[in-house]
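Engineer: Provide a 3D model corresponding to the input given below.
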Amino acid sequence: MKVHGMNHFTILAKDLEATRSFYTEILGLKEGYRPPMSFPGIWFYAGKQPILHVIGRKSLPPKGGVFDHMAYSAKNLAGMVAKLKAKGIEHEVIHQAGSEVWQVFFHDPNGAKIELDFAPDETPPPDYAGR
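Structural biologist: Sure thing, here's the model as predicted:
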C-alpha cells in the first residue's frame, strides 16, 4: 500500500462564520455536504472533491496548530493579490527560482497558513518588485 494522492486538509476554527466567509470569498471554495457529526464544522469543495474540512472549537492551539501550511493551485495571480489587498490581508508574493512558479502566502482568520501556486506564465501583480 502507498499514498497516491491528497484527500483533504483539516483545520481548527474558533469562528466558523469568519472561516466560512474567508474560504468562500477569498479562495472561491464552495461549502458542501458534511455528514452528521457530534461537533460543529464545515466541508469546503473544489468541484466535487471536499478538500478542506473545518472543525469548530472554542479555543485554538498556537498559531498554525499542528501543520505548516496548505497549498492550492490557482489562477489569476494579479487578481488574487488585488483581492487580498482590498481585504487588508497581509501576504507575500514569491517568484520561485528554478520552476518560475508564482507563490502567494497568507493566513486565514484562524492563523492557518495558505500557499497559492500560480503558473510561471501568469502576469505578476503591478507592484511586484522581484527578489
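Engineer: Tell me which stretches of the chain form strands.
Structural biologist: 9-13, 30-32, 41-46, 49-56, 70-73, 91-95, 102-107, 113-118 (DSSP state E).
Engineer: So which residue is smack in the middle of this protein?
Structural biologist: Using CA atoms, centre = their mean, the residue of the chain that lies closest to the mean C-alpha position is residue 114, 4.2 Å off.
Engineer: Who are the contact partners of it?
Structural biologist: Residue 114 sits next to 27, 69, 70, 71, 72, 105, 106, 107, 108 when contact means CB atoms under 8 Å, 6 or more residues apart in numbering. In short, each C-beta sits where N, CA and C put it, glycine included.
Engineer: ok, 10 Å please
Structural biologist: The contact partners of residue 114, taken as CB atoms under 10 Å, 6 or more residues apart in numbering, are 9, 11, 22-23, 26-27, 69-72, 89, 91, 104-108.
Engineer: Show me what it is bridged to.
Structural biologist: Note on residue 114: beta-bridge partners by DSSP bridges are residue 70, residue 106.
Engineer: wait, doesn't residue 55 sit right on residue 9?
Structural biologist: No - using CB atoms under 10 Å, residue 55 makes no contact with residue 9, being 11.3 Å away.
Engineer: and these two? which has more neighbours close in?
Structural biologist: Taking other CB atoms under 10 Å, residue 55 and residue 9 do not tie; residue 9 has more neighbours (17 against 14).
Engineer: picking that back up, only whichever of the contacts of residue 114 are buried, select them in PyMOL.
Structural biologist: In PyMOL, this line selects whichever of the contacts of residue 114 come out buried by 16 or more other CB atoms under 10 Å:
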select buried, resi 9+11+22+23+26+27+70+72+89+91+104+106+107+108
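Engineer: Now residue 75: closest residue in space that isn't a chain neighbour?
Structural biologist: residue 118 (6.8 Å; CB to CB, 6 or more residues apart in numbering).
Engineer: what does residue 95 give?
Structural biologist: residue 102 is the one closest to residue 95 (CB to CB, 6+ apart), at 5.8 Å.
Engineer: any idea of the pLDDT on that neighbour?
Structural biologist: What the model reports for residue 102 is a pLDDT of 92.
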